[in-house]
Every structure is written in structure tokens, then in C-alpha cells.
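sequence unavailable; structure follows:
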């Protein structure tokens, strides 16, 4: 009996390990909380996409207005896919600031020309300075920043029309 048990131990160990791995693979990495939730938007000092001579900093988000900050790039297919929803949010009067992330100025400007520009300002972050401080691991990512510059909501990935209805608009209403 003991010999059988010894022979079954590797199989039992394999099955237990497989269960843990399977459970980990079923987790969605897009449903993660930001470590910056309820904290000040990080300090930065970067040029705008539209005007390399104009620099902006965190005071851009401390204007007394609620702001959606969307991290995007021309190279990002999901950023193109979510643009109709972002344009709709801007049409609803929601202030939006873009972060053109890991891109070139020419490609970023071309993207806005092709797909529309819902952003009041676009921060140009080709070297991932602000993206690193925000903990961005992939575009698109969106942050809701309250009137005082505090991050109140974080959405990772593409914003669908249902995300606008079920998540974005309720969060905007909650913090207005």
C-alpha cells in the first residue's frame, strides 16, 4: 500500500500544480486595480503633441474640472477601435486629455487627423516617462482624475460602448 502511495505522489503533485496554473490562466490582467487609486496624479513635465515648445505639468489636471486621461498610441489597434466612444464622451462635455505614448510626433498627429481628436490637450510621452509613473503596461488605459488631480477610476484596455454606459459614465457622475 505504501509503495502505491509513493508512486501516486508525483501524479497528485502534478494535478495540484495544474489546478493552480489553470486558475492563474483564467484571470484577466485587464481587471486590476491601479496602485495609484485615490492618489495624486503623478508629477510630470512634458511637451504637448501639437506644440513641442509648449510644456505641461500636473497642474493641467488641477483645474477644478473632472478629466478623463487616456493613454494611446498610433501603433495601437485598440486605440483606433475605442476612438468613437472617446469622441462621444467629448461630445457629452467630458473633459479629456490624451497621453500619446511610445509614439512619434508625426504618427500621433496623423492618427488624430485620421480618427478625430476628442482631447483638449495631448501630452507627448515618447520615452514612457509619464507612462512609467502611471504604471501603464499597455495602451489604451484610461484614468478618471477628479477636480483636485486625484485618480478616482482606472480602466485598462479598450473602452467599448457598454463600458461607457456601465462604467465610465457612472464614475463620471459619481465624482462630478
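Received, thanks. Note that the structure is a prediction, hence the values are computed from the model and not measured.

could you list the low-pLDDT ranges of the chain?
Judged by pLDDT under 70, the chain has its weakly predicted residues at 1, 5, 8, 13, 15, 17-36.

recalculate using a threshold of 50.
Low-confidence segments of the chain, defined by pLDDT under 50: 27-32.

ok, which stretches of it are strands?
Under the criterion DSSP state E, strands of the chain are mapped to 45-47, 55-57, 67-72, 95-101, 121-125, 141-145, 151-156.

could you dump those to CSV with distance to residue 86 and mean neighbour count?
Just so you know, the C-beta spots here come from the backbone N, C-alpha and C atoms, and that holds for glycine as well. As requested, the strands of the chain are exported to CSV (distance: least, C-beta to C-beta, whole Å; neighbours: other C-beta atoms under 10 Å):
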stretch, distance to residue 86, mean neighbour count
strand 45-47, 20, 15
strand 55-57, 19, 14
strand 67-72, 6, 24
strand 95-101, 7, 25
strand 121-125, 12, 23
strand 141-145, 9, 23
strand 151-156, 11, 19
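
out of those, which is closest to residue 79?
Relative to residue 79, the nearest member of the strands of the chain by C-beta to C-beta is strand 67-72, separated by 4.1 Å.

got the contact list for the nearest residue to residue 164 once chain neighbours are set aside?
Once flanking residues are discounted, residue 164 sits nearest to residue 85: 5.2 Å by C-beta to C-beta, 6 or more residues apart in numbering. Residue 85 makes contacts with 159-161, 163-164, as judged by C-beta atoms under 8 Å, 6 or more residues apart in numbering.

hmm, back to that, of all the strands of the chain, which lies closest to residue 9?
strand 151-156 (40.7 Å).

which one is residue 148 nearest to, not counting chain neighbours?
Nearest in space to residue 148, with sequence neighbours left out and distances taken as C-beta to C-beta, 6+ apart, is residue 62 at 6.3 Å.

next one: residue 124
residue 49 (4.4 Å).

does the one you found touch residue 120 like I think?
No. With contact defined as C-beta atoms under 8 Å, residue 49 does not count as touching residue 120 (11.9 Å).
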